[in-house]
Structures are given as C-alpha cells and as structure tokens.
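Enquirer: I would like to see how this sequence folds:
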Amino acid sequence: MSAIIKLENVDLWYDKGKPTEVQALKNVSLEIEKGDYVAFFGPSGCGKTTILYALSGIDHLKNGNIFVNGTNIAGLSNTELAIFRQTNIGIIFQQFNILPSLTVLQNVALPMSFVGKNPEESEREARILLKRLNMDEYADRYQFELSGGQQQRVGIARALANNPQVIVADEPLGNLDSVNAKNVLEFLRELNEKDGKTIIMVTHEAWSLRDVKTIHYMKDGIVTGTKKQTSQHTKADAISAHLANELDPAKTEMALLKNELSARVLSNFLLRGYSMDEIRRFEFHLKERLKGKIKTDEFEEILDRPFKEGGVGLWKGKAKRLAQYVEGIVEKRHDIHAVYQIIEKYPELPIRDEVKQIRDWILLDYKGAVSHEQALSIDQAISDRMRNFISSGQFTQVLDMPERKHGVGLSFRTAERLSEKMETIMSGAETIAGPLASL
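Expert: Okay, the predicted model is just below:
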C-alpha cells in the first residue's frame, strides 16, 4: 500500500535562538500508509502533539520535508496551507474548539463555505454528518447547551466536512468520560474500516490503542520505535512489550526522572489547552522558580503579565492558583528531602506520618471517596515509590489495579493524574537528596 504521508528528517523548534528555545522534534523520518490507523504514543511533552501539528501544516518546520498526498507542505505559504487543510486533512481537537457564536449546524457547515459551496449545499451536507453522529436534533443549539461528549461529536462532524482523506485526532478522549471516550473510539474505527479514512491519533493512554494498526512510540522528540499490529501480534502484546521496557527500573528509572518528569512535563500538565508558545514561556519561568532563582510573588506576577511584555498572559485568578500549586510542589519536594535524609540513615524506619501528608496532598483535588482500605493501599504505594521499590509506571498500575487484586481500584485516568502529581514532587528529589538507586 502506498504512503499517503511521508516525513523526511523533520526538525522543529519553539523559540529558536531565544533563552526559552526547545527542540520539539529531532530528525523524525517515517511513512504513514493510506488507510492505516496510526497512533503516536508516549508521555506528556514527548512531541506527539507537535508531530501531529507539523503534518497538519499548523506548525512550521525548520528542517526537513513533509509530503501529504504527494505535496510537500513544508514549501507552502500560510494561505496555501489553509486551502490545503480544508480539503485534505480533518482535525479533531482535544479542546473541541467550537465557535460559541454559531449554532452546531453552522459550525459544521463553515468549512464547506471556505471551499466555495453555497449555503444550501453546505447546510444539507452538514445535516447528513450530524445525523450520522446522532446529533441532528441538536443542530440549532449553541456550544453552551451541549455536554462535553456532544461537543466532541460536533468537532468530529466538522473534521469530516469536505470529506478529507486524512483525519488527525489530538488526544480526542482527554476531556471525555469513559462512555463518550468509548463512543469516539468506535466511530474512529468505523471511519477507518468502513470509510477507508487514514486515522492519525495522539494519545498517552494505552487502553485507547485497542483498534490502532500502527503504533509509533515517542520520547523527547524522537520516534523510539514502531509496532505493526497483525492478527498474530496483538495490540496488548505490543503495549506490554513497550511498557515492560519502560518500567524496568534498572534500565530507565533515572532517565524517567531526569527527562519525563521535567518542567516540560509539568508545564504541559498544568497548561493543557493553551498554545505551545504559552506553554513554553511558562516552562521557562517554572524552571527558574523550581531552581529557586525567582520567588513565588515574582513567579505569580510573570504568569499574570501580558504575553507581549514577556509574561505568560494568564488571567489573575489562574495565575494565583498556578503559583500556589507550584509552591505546594516546592514545599513537598523539601518534605521529601527530609524523608530521604531519614530513610538514608534508617532504611527500615516507618514513615507513616510523612506518607500520610503526601497522600493528603495528592488527593487534595480528588472529588471521590476513599475508603480506609484504599487509603492504606495508597500509603503503601507512596512508601514503596519513595524508597524506589517501584517505578512511576508501577505506581500508576497499583492505583489503577482492582481492590480484589490488592490495588487501590481508582479509574485509570484518576490513577494517571495522581501519579503525575506524585512525580512532580519526586522529580528533582535526586538532585536534592542524591540518587534514588542508592536507597
């Protein structure tokens, strides 16, 4: 089968030549076959969304070429790219990006008007798309009248306007509950199997790879491996093999702490939905705060300051909340430093009180109820993680594992969020208290 997309030696930087410079993609070369169902899989900040935006023509390359249907989009102007995207690539965004001033029908019909279709034809085809997604009865509603799942279905219908051959989906399940997430996966599979669309999805959730045919694993802007799925080689096998390598403490634990749990990961975690420029600006100043080069009030002022004046441009309430959140991380890192000093001298000494404080902190924003048995399991997992008996990935697995198997029994997404929060205070602990492997 012929390649519909081809990347050749692609490099992409943000803020190149500035103090906040980040190389998001590093010499990426790969091909995507027509009719394939592809996923870029990896942790937050690894470059998977960047590669999606690059092959969609949203982000501009510094080096390399990207061919879509034989056209090298790296050489197109902004106007040419806009026209090219309208008919060749449909984009499903995590944040929905529905225009609030337009009805559902108008949002779906809008891309058709950009390619010269008359209003009657655009409206007729938009209604057909909405009906296919069981959204025709909501055609005259506005964004504020829709649930998250309904907004995502509108986003999918809009992506299908003008019948593009390629559909790209940027974390399409990120803002959905489990029921709507499964519905979206079912429809993506239908588009691939029945309509013959080439689907390209970005995800960090292994369970969402169930229907994917090709998985590209990413880390630190590099495609580290590719797995083709066949009837003999199941998706579970591919995922397990990848995770087995990632979760081997002897091989990768320190690399995870140094790379994945950096300010970049935390920035992507805290500013989901913001532009890449805003995230990178936030990341730069976050590093300064975590290193102690700027104080809390100065950090908050930078977050609130307009982007054009060198700040991040958040509104005041958001800036204050994020500054307080980061301060909590700084304080907890110092708490962990104190714990490390204890367990370095007395490895078997119980640290119940310290562990409980950390458990209370990571559960601070959790709205669900936690039973006494679950709290004990969380405490044991925190203690094991701090002593480096288990890795970050295994910590997530314990939180996600059913209670009948001696896990905590949380949903996978909740387990991931709590694990991310735990790792924000674990990262940097090595530089404060020495290598964890020595414990």
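Enquirer: Helix, strand, or coil at the residue lying closest to residue 161 once chain neighbours are set aside?
Expert: In space, and not counting its chain neighbours, residue 161 is closest to residue 111: 4.1 Å by CB to CB, 6 or more residues apart in numbering. Placement of C-beta: from N, CA and C, glycine included. Here residue 111 is recorded as helix under DSSP: H, G, I helix; E, B strand; the rest coil.
Enquirer: what's near enough to touch residue 111?
Expert: Taking CB atoms under 8 Å, 6 or more residues apart in numbering, we find residue 111 in contact with 86, 158, 161, 162.
Enquirer: Neighbour-wise, which one of those residues leads?
Expert: In terms of neighbours by other CB atoms under 10 Å, these top out with residue 158 at 27 neighbours.
Enquirer: Under the pLDDT cut-off, which ranges of this structure? List them.
Expert: Within the chain, the stretches with pLDDT under 70 are 1, 230-266, 269, 332-351, 388-389, 427-439.
Enquirer: Outline the domain layout of it.
Expert: Using automatic domain parsing, the domains assigned to the chain come out as 3-246, 249-438.
Enquirer: Just give me the closest of the contacts of residue 111 to residue 358.
Expert: residue 158 (43.5 Å; CB to CB).
Enquirer: Residue 106 is in contact with that closest one, correct?
Expert: No - Residue 158 is not in contact with residue 106 according to CB atoms under 8 Å; the separation is 10.3 Å.
Enquirer: Give me the helices and strands touching the helix or strand where residue 380 lies, please.
Expert: Following DSSP states H and E, one finds residue 380 within helix 372-386. Packing partners of helix 372-386 (3 or more CB pairs under 8 Å, 6 or more residues apart in numbering; DSSP states H and E): helix 316-345, helix 352-362, helix 392-400, helix 412-426.
Enquirer: Which residues outside that helix are in contact with it?
Expert: 336, 339-340, 343, 351-352, 355-356, 358-359, 362-363, 370, 390, 392, 395, 398-399, 403, 406-410, 422, 426.
Enquirer: Show me what counts as buried in it.
Expert: 374, 377, 378, 379, 380, 381, 382, 383, 384, 385, 386 (16 or more other CB atoms under 10 Å).
Enquirer: Residue 215 touches residue 209, doesn't it?
Expert: Yes - at 6.1 Å, residue 215 counts as touching residue 209 under the criterion of CB under 8 Å.
Enquirer: so what's residue 126 up against?
Expert: Taking CB under 8 Å, 6+ apart as the test, what residue 126 contacts is 105, 108, 109, 112, 139, 157, 161.
Enquirer: Just the ones of those in helices?
Expert: Among the contacts of residue 126, the ones falling in helices (DSSP state H) are 105, 108, 109, 112, 157.
Enquirer: those strands in the chain, which residues are they?
Expert: 3-14, 22-33, 37-41, 63-68, 71-72, 89-92, 166-170, 198-203, 214-219, 222-228 (DSSP state E).
Enquirer: In a markdown table, list those strands along with mean neighbour count and distance to residue 273.
Expert: Shown next, in a markdown table, are the strands of the chain (neighbours: other CB atoms under 10 Å; distance: least, CB to CB, whole Å):
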| stretch | mean neighbour count | distance to residue 273 |
| --- | --- | --- |
| strand 3-14 | 19 | 17 |
| strand 22-33 | 18 | 18 |
| strand 37-41 | 24 | 19 |
| strand 63-68 | 18 | 25 |
| strand 71-72 | 13 | 30 |
| strand 89-92 | 24 | 15 |
| strand 166-170 | 24 | 11 |
| strand 198-203 | 24 | 14 |
| strand 214-219 | 22 | 20 |
| strand 222-228 | 16 | 25 |
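Enquirer: Mind putting these into TSV with distance to residue 328?
Expert: Converted to TSV, these look like this (distance: least, CB to CB, whole Å):
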stretch	distance to residue 328
strand 3-14	27
strand 22-33	25
strand 37-41	30
strand 63-68	40
strand 71-72	48
strand 89-92	34
strand 166-170	29
strand 198-203	29
strand 214-219	28
strand 222-228	32
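Enquirer: and of the ones you listed, who's closest to residue 270?
Expert: Nearest of those (CB to CB): strand 22-33, 16.1 Å.
Enquirer: Give me the angle between that closest one and strand 222-228.
Expert: 20 degrees (axes from the mean of the first three to the mean of the last three CA atoms, to 10 degrees).
Enquirer: got the angle between strand 22-33 and strand 3-14?
Expert: Using the same axes, to 10 degrees, strand 22-33 lies at 180 degrees relative to strand 3-14.
Enquirer: Give the other helices and strands that strand 22-33 contacts.
Expert: Strand 22-33 sits against strand 3-14, helix 48-55, strand 63-68, strand 198-203, strand 214-219, strand 222-228, helix 276-290, with contacts defined as 3+ CB pairs under 8 Å, 6+ apart.
Enquirer: Next, format these as JSON lines and append distance to residue 176.
Expert: Output for the helices and strands packed on strand 22-33, formatted as JSON lines (distance: least, CB to CB, whole Å):
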{"stretch": "strand 3-14", "distance to residue 176": "26"}
{"stretch": "helix 48-55", "distance to residue 176": "17"}
{"stretch": "strand 63-68", "distance to residue 176": "28"}
{"stretch": "strand 198-203", "distance to residue 176": "12"}
{"stretch": "strand 214-219", "distance to residue 176": "21"}
{"stretch": "strand 222-228", "distance to residue 176": "25"}
{"stretch": "helix 276-290", "distance to residue 176": "22"}
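Enquirer: Among those, which comes closest to residue 308?
Expert: helix 276-290 (11.2 Å).
Enquirer: And the contacts of that closest one?
Expert: Residues from elsewhere that reach helix 276-290, judged by CB under 8 Å, 6+ apart: 14-15, 19-20, 22, 24, 50, 53, 59, 263-264, 266-268, 270-271, 274, 294, 296, 299, 302-303, 307, 311-313, 326, 329-330, 428.
Enquirer: how distant is stretch 379-389 from the center of its chain?
Expert: 26 Å (CA atoms, centre = their mean, to the nearest Å).
Enquirer: buried ones in stretch 144-164?
Expert: 146, 150-162, 164.
Enquirer: And the ones in helices among the contacts of residue 126, which is closest to residue 190?
Expert: Distances from residue 190 to the ones in helices among the contacts of residue 126, taken by CB to CB, are shortest for residue 157, at 13.5 Å.
Enquirer: That closest one: what's it in contact with?
Expert: Counting by CB under 8 Å, 6+ apart, residue 157 has contacts 108, 126, 129, 130, 132, 133, 135.
Enquirer: Kindly reformat those residues as TSV and extend each row with distance to residue 68.
Expert: Formatted as TSV, the contacts of residue 157 follow (distance: CB to CB, whole Å):
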residue	distance to residue 68
108	23
126	25
129	23
130	27
132	25
133	25
135	29
